[in-house]
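Okay, here's the prediction I keep looking at, along with the sequence it came from:
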4 protein chains.
Amino acid sequence: MIKVAIVGGTGYTGVELLRLLAGHPQVELTAITSRALAGTPVAELFPSLRGHCELAFCEPDIDQLSRCDLVFFATPHGVAQAQVPELMKRGVRVIDLSADFRITDVPAWEQWYNQPHGAPELVEMAVYGLPEVNRDAIAGAQLVACPGCYPTAIQLGWIPLLESDAVDPQQLIANAASGASGAGRQGKTELLLAETSDNFRAYSAGGHRHLPEIEQGLRRAQPAGSAEARVTFVPHLLPMIRGIHATLYSTLRGGRELEELQQLFEQRYADEPFVDVMPAGSHPQTRSVRGSNMCRISLHRPQGRDTLVVLSVIDNLAKGASAQAMQNMNIMFGLNEALGLESPALLP
Amino acid sequence: MIKVAIVGGTGYTGVELLRLLAGHPQVELTAITSRALAGTPVAELFPSLRGHCELAFCEPDIDQLSRCDLVFFATPHGVAQAQVPELMKRGVRVIDLSADFRITDVPAWEQWYNQPHGAPELVEMAVYGLPEVNRDAIAGAQLVACPGCYPTAIQLGWIPLLESDAVDPQQLIANAASGASGAGRQGKTELLLAETSDNFRAYSAGGHRHLPEIEQGLRRAQPAGSAEARVTFVPHLLPMIRGIHATLYSTLRGGRELEELQQLFEQRYADEPFVDVMPAGSHPQTRSVRGSNMCRISLHRPQGRDTLVVLSVIDNLAKGASAQAMQNMNIMFGLNEALGLESPALLP
Amino acid sequence: MIKVAIVGGTGYTGVELLRLLAGHPQVELTAITSRALAGTPVAELFPSLRGHCELAFCEPDIDQLSRCDLVFFATPHGVAQAQVPELMKRGVRVIDLSADFRITDVPAWEQWYNQPHGAPELVEMAVYGLPEVNRDAIAGAQLVACPGCYPTAIQLGWIPLLESDAVDPQQLIANAASGASGAGRQGKTELLLAETSDNFRAYSAGGHRHLPEIEQGLRRAQPAGSAEARVTFVPHLLPMIRGIHATLYSTLRGGRELEELQQLFEQRYADEPFVDVMPAGSHPQTRSVRGSNMCRISLHRPQGRDTLVVLSVIDNLAKGASAQAMQNMNIMFGLNEALGLESPALLP
Amino acid sequence: MIKVAIVGGTGYTGVELLRLLAGHPQVELTAITSRALAGTPVAELFPSLRGHCELAFCEPDIDQLSRCDLVFFATPHGVAQAQVPELMKRGVRVIDLSADFRITDVPAWEQWYNQPHGAPELVEMAVYGLPEVNRDAIAGAQLVACPGCYPTAIQLGWIPLLESDAVDPQQLIANAASGASGAGRQGKTELLLAETSDNFRAYSAGGHRHLPEIEQGLRRAQPAGSAEARVTFVPHLLPMIRGIHATLYSTLRGGRELEELQQLFEQRYADEPFVDVMPAGSHPQTRSVRGSNMCRISLHRPQGRDTLVVLSVIDNLAKGASAQAMQNMNIMFGLNEALGLESPALLP
């Protein structure tokens, strides 16, 4: 049994991680921390877990945490930076679901997050936890930086094209939309049902914190010598709970046919348990991945023109956060990568 | 491995059963029928099942079905009546999710469903599949009539009170509400998102087909000699997908305190894996059982007056249909009753 | 032109009042106050009002307010009590949308709202602003206490029965549900879309602040000498924005037929512009009154038994708050009662 | 009073037109036709209109229709083509809300709609009813082809840029999303709440019928000699009732600053009552135009790069259909263009 703890379990990635870990046969959850709710039974905050989790939230305690094999951080950015160094020293492995270790360029991180980085020395050591790209490195990592939700959907939709230099890397447009759970469990007026239901809008069109992570990931996928990938990224807020949908526009070069591109995707992801390349011309629905770790992708080439459209969907809390974290855990501990992640999506 | 087939798998109870069976370690699904979609891959209709179900829908074939250990009927009422008799003759066990065999009083059935009953001789043999009441009979049954969604939530909320004669059986009011999936997957105008979203209304206030099933179940729970249970039942349509919420009003007699009644419920359901009696004064939420087989119940006694309020929630497609069907299967085949039904609800 | 001001305009009743006043031909809005947002243009907070309202929120200023003919209070309870006395002294008329002056029994108010009442001497002077009951008194009132949302829907559904002593006043059950806008525009976690969408639950089943207002209104409708009306009231939170639906159960006495009761309602409301008695057996939908001042009502008598079911729907922000406030204003100033309130509901 | 009739009033554009006409002081509605529902009171189908519309649906009768000053067609495509010619002959003016007369290129129409055009001789006479472009022609038109919903939002967002040649006309990407009412009031399975709620997906990514209308409109706006506008258009289905949101991407040329472009838009629409250019960097919300004829637009230039992002929102049933039709009517009959269209949006 792998002994794990969760730091910061009162948000949506926390409760999703708890749901998934409850169904994992090789995990023993030993602690879940929350300063604000220390003492409150987890199942009181999340009644869906009544009968599945007997723990109460506790104060974070470095000694207790360091007796674990693995600690998940499901905290706002900035928290993991402060606590991870000591855990690393004590030999604990860490999966951070926050943005703290995703971006290698520390000054860029500091600019986008508007604060000094608390543990820049660990950034280089952190392995970016996108298994479809980094599986081997994840297996041996002590610190895994779990990708953001938008970056996961967008990278998986574009990586095959960038790896093979099939599109102009400087004309990339990522139009994406997320369910409201992506904005977290804080009581903000703008996220009330009465504000967001029966409503749709873009946000952060001028610049979203996931942009540098997206561009970093795409650039790593490009062949040496390519012009650097540059993305226009506009996120939108959907009147629904879970799901991310990315509509990716890029300009083809080299004159490949749609069939060829379809094959490119199918081959690239042939051995991936959690990427489903649907038939060309399909329209993946977010509900087809609700609660599951799957990413579904399809290709379109409207009017046979030069603009290729890739559609990519994930569940922002699952493949976009907690289920991908568990996939990383499975890889790190040499387990079947899909263990605990086999359930089909909840539809309808 | 139990060999099973599903007759009529294109509706919501069908896809929910497929989702659950996909995660059951002791089941082999051999066929799923649909006249209209014969030949279509199941995963084409329900992309959430891509990778989980390789079958295509097929024409119903009595020979093929009779090679199964168990056949589920997830059909509209009237279908099972026509096909079950032959399967029974051939020794196949059947779980019917439709209304065909729920009501023992055949003339009442014919009146409420406005058609002659096609297999009245089987009605007496059918076991009503509410495990909390009929576990032993289910274990030995050849034909199980799976309860309706409203009747499940309502009976579980009232049975302890009626068994112990704690309320006036002729002053029972069941105010209930269901998500739109309860109305099925047929393309009716009144069920469009543009009609039902941001909207709420009662329906069938003058008489709903689940009423005779509810009253039958409550009467069976009453001690001999009691005045017959009589229920006013008003269902409502919720602007959401899954979930049933029943608010049950009854008039206390015998002057018992709320604490006593709370104990009554806790003891009655102490050994039930899928009934969760919450602390008195709680408000169970439908999302706390989304996708799970759980029924959560709480008690209130407003202003200390004589009206007791019981709140009871289930997922209409899970405990209200397909998950309860699988629970019945587990009982019928001597398996752990919770096998394949352990996952916590999907929240948020 | 009537010169009006709004105190506390940043909530949902505030923006609804602004929307309605913008279409009223006899009103000049001179000020709208908010301490927190003083200086912010109203149309910045509510972009739907761009082009319709040039004002900015301002600090409340008693001199400015007292130059108005009428001041609306769209504030949390407790605020009007503090400011109304001085305005009254200066001869300004007031419509209070909050709970401050609805309940005549001051100790009861203090108990339910858990604070001392700030202006008990005004309570007796305040006219309860339900035009269907108090039209003449409203016309001459200086201070009108606008009814709560649940109390409006519930009283209109029951008053004809209680006035004519047609039901047992001590067996009244009001099962009601409200859209999330009824809970206000504060950023509370429990009201996030990710918490309330695709979810349904009761709340305050043990006692809701609208209960004493409901019982007070019903008792006033009863003939002298009746046993006091007593209500079990359970509110529920709907996964939608606007709308209240009340399902009212009562026990008939005197053996009247449904047709007779239908006539009773039709006659009682024959001259009411904003109460629509639908054909018996109808099911009014909340969307049929979305954005309008209408209350729609229908009657059912399930199975011909003794329990009468009344269905009553309103828009909680319209007839349940701001539109009813404007109806009161029209009455107070001798205008056509429906002025500015003629638009049909927004459907779909 | 203008005497008007509506042909085909049972859909969402029909009921929206009825709602708006009910509030128009210069219109007398004389007939509303529906073959399927002839004889049914309009207010029975749409209870929101109880008290606002006393008509019943009737069979279409050319003599009755020809006694009107104006006939609206709110029918599926193909119907107006068959009936308009005779009405035109008799001198009646027509506003067609369907796609029948929007596209001047008849063979293109026939290809996209997959049927022969029934009145090609009228296509040239028809005036495209986008007032912001064609106001004068509309005033004198006998036949107005009211624009589609997506084309309205998209053209208004791009026309200033194309008129001034500020962007590359061959690199236009229109990512748009619509509420479910845009798909009509037919009972299709894929539009059920249980299918579309808590779900998001693209559709017709390979080619949508609004594309030729969009490209035609943009090309008309271009200066002579420009390379023809070419658009990649991907529509999406939102889990909500009303609203269209277009996110428009184009590549700047000529090196203009964002401020300059902002001025360009503000000047272009300075006199337009129903186009609201918001401050640069804003994010217009669909709810800010719910039920209103307004189009709100904002500009962004992410990271100061060459891709300009225009956000444009309308209500698909209002400015995208029935309210724009009424705006056209006002222009055709010399009335104040905003008559009956002054109400602010319904928010929340």
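Here it is on my side, so go on.

going forward, measure contacts and count neighbours with C-alpha atoms only.
Will do.

Quickly check: stretch A:44-59 near chain C or not.
No: judged by Cα under 8 Å from any Cα of the partner chain, stretch A:44-59 and chain C are separated, with a smallest distance of 10.9 Å.

and the stretch 151-300 of chain A, which of its residues are near chain D?
Within the stretch 151-300 of chain A, the residues that sit near chain D (Cα under 8 Å from any Cα) are A:175, A:194-195, A:197-203, A:205-207, A:232, A:238-243, A:245, A:281, A:283-287, A:300.

and if we set it to 7 Å?
For the stretch 151-300 of chain A, the contact set with chain D under Cα under 7 Å from any Cα of the partner chain comprises A:194-195, A:198-203, A:205-207, A:232, A:239-241, A:281, A:283-287, A:300.

and chain C, which of these reach it?
Among those, chain C is touched by A:194, A:241 when using Cα under 7 Å from any Cα.

Can you flag which of the residues of the stretch 151-300 of chain A next to chain D belong to helices?
Of the positions in those, A:194-195 sit in helices, assigned by DSSP state H.

Filter the residues of the stretch 151-300 of chain A next to chain D down to the buried ones.
Neighbour-count burial (16 or more other Cα atoms under 10 Å in any protein chain shown) applied to those gives A:194-195, A:198-203, A:205-207, A:232, A:239-241, A:281, A:283-287, A:300.

Model confidence score at the closest residue to A:A22 other than its chain neighbours, please.
Nearest non-adjacent residue to A:A22, counting by Cα to Cα, 6 or more residues apart in numbering or on different chains: A:H52, 6.4 Å away. Predicted confidence (pLDDT) for A:H52: 96.

swap in A:F200?
Looking at A:F200, its pLDDT stands at 98.

Got phi/psi on it?
phi -150, psi 140 (degrees, to the nearest 10).

Over to A:V309?
Note on A:V309: backbone dihedrals following degrees, to the nearest 10 are phi -110, psi 120.

for it, what are its contacts?
A:247-250, A:299-301 (Cα atoms under 7 Å, 6 or more residues apart in numbering or on different chains).

Out of the residues you listed, which comes closest to A:P131?
Closest approach between the contacts of A:V309 and A:P131, by Cα to Cα: A:L248, at 21.1 Å.

Can you tell me whether I have it right that the closest one is in a strand?
Yes: counting by DSSP: H, G, I helix; E, B strand; the rest coil, one finds A:L248 located in a strand.

how about it, what does it touch?
A:L248 makes contact with A:173-175, A:309-311, according to Cα under 7 Å, 6+ apart.

what's the closest non-adjacent residue to A:R185?
Closest residue to A:R185 apart from its sequence neighbours, by Cα to Cα, 6+ apart: A:G11 at 5.5 Å.

is any part of the strand or helix carrying A:A174 close to chain B?
Using DSSP states H and E, A:A174 falls within strand A:172-178. No: figure legend: strand A:172-178 not in contact with chain B (Cα under 7 Å from any Cα); closest approach 14.1 Å.

Quickly list the domain ranges of chain A.
Per automatic domain parsing, the domain ranges recorded for chain A read A:2-125, A:150-316.

Show me what counts as buried in stretch A:295-313.
Quick answer for stretch A:295-313 (16+ other Cα under 10 Å): A:295-302, A:306-313.

and if you look at stretch A:236-256?
A:236-252.

how far out from the middle of the chain is stretch A:197-210?
18 Å (Cα atoms, centre = their mean, to the nearest Å).

What of stretch A:284-302?
The answer for stretch A:284-302 is 15 Å, by Cα atoms, centre = their mean.

what about A:N293, which SS state?
Of the three states, A:N293 takes coil under three-state DSSP.

Could you do A:P25 as well?
With three-state DSSP as the criterion, A:P25 reads coil.

got a list of what the residue lying closest to it once chain neighbours are set aside touches?
The shortest distance from A:P25 to any non-neighbouring residue, by Cα to Cα, 6+ apart, is to A:G340 (7.2 Å). Taking Cα under 7 Å, 6+ apart, we find A:G340 in contact with A:20, A:23-24.

Of the residues you listed, grab the buried ones for PyMOL.
Buried subset of these, written as a PyMOL selection, criterion 16+ other Cα under 10 Å:
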select buried, chain A and resi 20+23
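
Could you list which of the contacts of A:G340 also contact chain B?
For chain B, the contacts drawn from the contacts of A:G340 by Cα under 7 Å from any Cα are A:G23.

Which pLDDT value belongs to the residue in the stretch 101-250 of chain A that chain B sits nearest to?
In the stretch 101-250 of chain A, the residue that lies nearest chain B is A:I241 (7.0 Å; Cα to the nearest Cα). Per-residue pLDDT puts A:I241 at 98.

Pretty sure it sits against A:A183.
No: assessed by Cα atoms under 7 Å, A:I241 is found out of contact with A:A183, at 10.0 Å.

for the domains of chain A, which one ends up most surrounded?
domain A:150-316 (a mean of 21; mean count of other Cα atoms under 10 Å in any protein chain shown).

what's the longest helix along chain A packed up against?
Identified as the longest helix of chain A according to DSSP H is helix A:149-163. Counting contacts by 3 or more Cα pairs under 7 Å, 6 or more residues apart in numbering or on different chains; DSSP states H and E, helix A:149-163 packs against helix A:210-221, helix A:258-268, strand A:307-314.

Redo the ones you listed as CSV? Include mean pLDDT and distance to D:G217.
What follows is the helices and strands packed on helix A:149-163, written out as CSV (pLDDT from 0 to 100; distance: least, Cα to Cα, whole Å):
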stretch, mean pLDDT, distance to D:G217
helix A:210-221, 98, 34
helix A:258-268, 98, 29
strand A:307-314, 98, 21
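
Put together TSV for the ones you listed, with distance to A:S48 on each row.
TSV is the format used below for these (distance: least, Cα to Cα, whole Å):
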stretch	distance to A:S48
helix A:210-221	31
helix A:258-268	38
strand A:307-314	22
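
So what sits opposite the closest residue to A:N134 other than its chain neighbours in the bridge?
Nearest non-adjacent residue to A:N134, counting by Cα to Cα, 6+ apart: A:Y128, 7.0 Å away. Legend: beta-bridge partners of A:Y128 under DSSP bridges are A:A145.

how close does A:Y128 sit to A:G334?
Distance check for A:Y128 against A:G334: by Cα to Cα, to the nearest Å, it reads 18 Å.

before we move on, what about A:G39?
Separation of A:G39 from A:G334 (Cα to Cα) stands at 34 Å.

got it, and A:N175?
In this view, A:N175 and A:G334 are 36 Å apart by Cα to Cα.

tell me the contacts of A:G254?
Counting by Cα under 7 Å, 6+ apart, A:G254 touches A:A166.

Sorry, wrong one. I was asking about A:L238.
A:L238 makes contact with A:177-180, A:200 under the criterion Cα under 7 Å, 6+ apart.

host element of A:Q327?
helix A:323-332.

touching chain B at all, that helix?
No: judged by Cα under 7 Å from any Cα, helix A:323-332 and chain B are separated, with a smallest distance of 12.9 Å.

Show the pLDDT at the residue of the stretch 1-150 of chain A found nearest chain C.
Proximity of the stretch 1-150 of chain A to chain C (Cα to the nearest Cα) peaks at A:Y12, 9.2 Å away. Note for A:Y12: predicted pLDDT of 98.
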